[in-house]
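*Asks:* Need the 3D shape of this:
(one chain, ligands or ions: 2)
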Amino acid sequence: MALTVRRSNGVIVEYGGEGIALDASSGALDYPVFVTHAHADHAAAFKHPHLVKYSTEPTYRLLDTLRWRRLRNWSPIYLGRKVRVGDLEVTAHNAGHVLGSVQFEVTSPEGTVLYTGDFSMGNSYTMEAASPVGCDLLVIETTFGAPMFKFPKRREVALEMVRWAVMEAIPAGRIPTFRADSIGNAQEIISLFNSLTNVPVVTARSASWVSDTYRSYGHSLDFVDADSPEGQELMESGSCALIAPKGAKLEYENLETALASGWAAIMRNRARAFPLSDHADFRELLSYIRRCHPKRVLTFHGGALTRGFASYVRKRLGIDARPLTRREETLMGPVSKREVRLKACAEMLAKAVRIPGFEYTEPWLVREMARKGFTRGETEAALRRLLELGVLENTPTGVRLV
Ligand SMILES: [Zn+2]
Ligand SMILES: [Zn+2]
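*Replies:* Ligands and ions are numbered 1, 2, ... in the order given. Next up is the predicted model:
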């Protein structure tokens, strides 16, 4: 039984009839789901109460803080400790992306798969960088997997943000307002203002809730919620910086708004934007791959701009790479179309011979499988396979279940 990886709502890893789902978004599969972090596009399994879910405790707390409901069927997974599912073993490693974020190393008797989820390679104001994990098959996110994504040093971005707030916005009587993801960048901004300035930081709605959770895990963040009396006073005084989730409605008139996001790297001059990213950029992705020493690389989680990333991996690193699709992949390469059909044929044959002890003749089985769209050759090959596996045995007139 081969170790296989494929895409279906999330990433599916299967071995010997067992399987797990990574960052799955739908309840269609009943495999246990391992969730890398609390961003909504990765944590959607928590919307399905019946699914068995694993995540770190901070990830669970963040979802709870963000008012996700019915968070049932959850078990914590700890950094460096293993969870067993059949012959698969799952180990969590720091991903350096946001509070509680991890990568999953999945080992089988045949080899190891590393699924990065979202990850970051630089130490930031709030997170420690991800460290590479040796693996055979690397499934890597490519959110910023194109050469145009080259992020400046974090400290340079931080100084630029502070300069704009303190030298431009505040002296002009405006409140510098950063629109940022409430998990990750919001806390980075609080932390960098705390360490580089004396400017009080005010946070709005979910940015406050999430920052409270960071605090409960020992992050020293100094901020005030916009709706508290102290926050209202600061907003009236005008000498503070405001951090608000991207979509939140704000009822103030003297705001000077800027975006803080990795996407700012390609937004030149269109709007005030700072390239503060919690993902690896193009060069970091390549260097991370090199340091994990995989035999093959499968890419996921990019868009139109990063479609060509796998070809950079092949050309620059000489490692087999391709985008992860619904097609099954093994440590050696993609499973062929013929192999996929053979597997399906063998599964149906095993169902067709379901009466124990009863003998089935080959011509009858060939006719049965033909009705389901399989050729004589496919049925014969599938029969041979089931005989080899010991599922069926030969009889004088045909085959029967063992
Ligand atoms: Zn994320
Ligand atoms: Zn993501």
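*Asks:* ok, now which ones touch the residue nearest the centre of the chain?
*Replies:* With distances taken as CA atoms, centre = their mean, the residue of the chain nearest its centroid is Gly117 (2.8 Å). Neighbouring residues of Gly117 by CB atoms under 8 Å, 6 or more residues apart in numbering: Leu22, Asp23, Thr36, His37, His42, Ala95, His97, Ser101, Val102, Gln103, Phe104, Glu141. The C-beta positions use only the backbone N, C-alpha and C, and glycine is treated the same way.
*Asks:* Quick check: it vs Ser191, distance?
*Replies:* 22 Å (CB to CB, to the nearest Å).
*Asks:* Tally up the residues packed near the closest residue to ligand 1 within the stretch 101-250 of the chain, please.
*Replies:* Residue nearest to ligand 1 within the stretch 101-250 of the chain: Asp118 (3.6 Å; CB to the ion). Counted with other CB atoms under 10 Å, residues neighbouring Asp118 total 24.
*Asks:* Let me know the pLDDT of it.
*Replies:* Note for Asp118: predicted pLDDT of 97.
*Asks:* Same question for Glu251.
*Replies:* 90.
*Asks:* Okay, and it sits in which element?
*Replies:* Assigned by DSSP states H and E, Glu251 belongs to no helix or strand.
*Asks:* So what's the residue count around it?
*Replies:* There are 7 residues near Glu251, going by other CB under 10 Å.
*Asks:* And Ala248, by the same measure?
*Replies:* Ala248: 13 neighbours (other CB under 10 Å).
*Asks:* same thing with the one 4 residues further on?
*Replies:* Counted with other CB under 10 Å, the burial measure for Tyr252 works out to 15 neighbours.
*Asks:* ok, now which ones touch it?
*Replies:* Ile175, Met235, Leu242.
*Asks:* I'd assumed Asp227 was in contact with the second one.
*Replies:* No - checked against CB atoms under 8 Å, the pair Met235 and Asp227 is beyond contact range at 9.7 Å.
*Asks:* Between these two, point out the one with more neighbours.
*Replies:* Legend: neighbour count by other CB under 10 Å for Met235 and Asp227, higher for Met235 (21 against 13).
*Asks:* For that one, grab phi and psi.
*Replies:* Here is the backbone geometry of Met235 (degrees, to the nearest 10): phi -60, psi -40.
*Asks:* The stretch 301-402 of the chain: strands as residue ranges?
*Replies:* Using DSSP state E, counting those that start in this stretch, the strands found in the stretch 301-402 of the chain span residues 320-323, 392-394, 399-401.
*Asks:* Hmm, I typed the wrong one, I wanted the stretch 151-300 of the chain.
*Replies:* 175-180, 201-203, 224-225, 241-245, 255-260, 273-274, 296-300.
*Asks:* now these as CSV including mean pLDDT and distance to Met348?
*Replies:* Shown next, in CSV, are the strands of the stretch 151-300 of the chain (pLDDT from 0 to 100; distance: least, CB to CB, whole Å):
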stretch, mean pLDDT, distance to Met348
strand 175-180, 97, 52
strand 201-203, 98, 57
strand 224-225, 98, 60
strand 241-245, 97, 50
strand 255-260, 96, 53
strand 273-274, 95, 55
strand 296-300, 97, 29
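*Asks:* Burial check on the closest residue to ligand 1 within the stretch 301-402 of the chain, number of neighbours?
*Replies:* The nearest approach of the stretch 301-402 of the chain to ligand 1 comes at His301, 9.0 Å away (CB to the ion). Neighbour count for His301, taken as other CB under 10 Å: 20.
*Asks:* now Glu328
*Replies:* Neighbour tally, Glu328, other CB under 10 Å: 18.
*Asks:* For Val162, which non-adjacent residue is spatially closest?
*Replies:* Leu196 (5.1 Å; CB to CB, 6 or more residues apart in numbering).
*Asks:* now the one you found: how far from Ala204?
*Replies:* As judged by CB to CB, Leu196 and Ala204 stand 21 Å apart.
*Asks:* between these two, who's got more neighbours?
*Replies:* For Leu196 and Ala204, the more surrounded residue by other CB under 10 Å is Ala204, and the numbers stand at 23 against 16.
*Asks:* dump the residue contacts of the closest residue in space to that one that isn't next to it in sequence.
*Replies:* Using CB to CB, 6+ apart and skipping the chain neighbours, the partner closest in space to Ala204 is Ala244 (4.0 Å). Contact partners of Ala244, counting by CB under 8 Å, 6+ apart, are Thr177, Phe178, Arg179, Ala180, Thr203, Ala204, Arg205, Ala207, Ala226, Leu250.
*Asks:* Kind regards, and thank you for your time.
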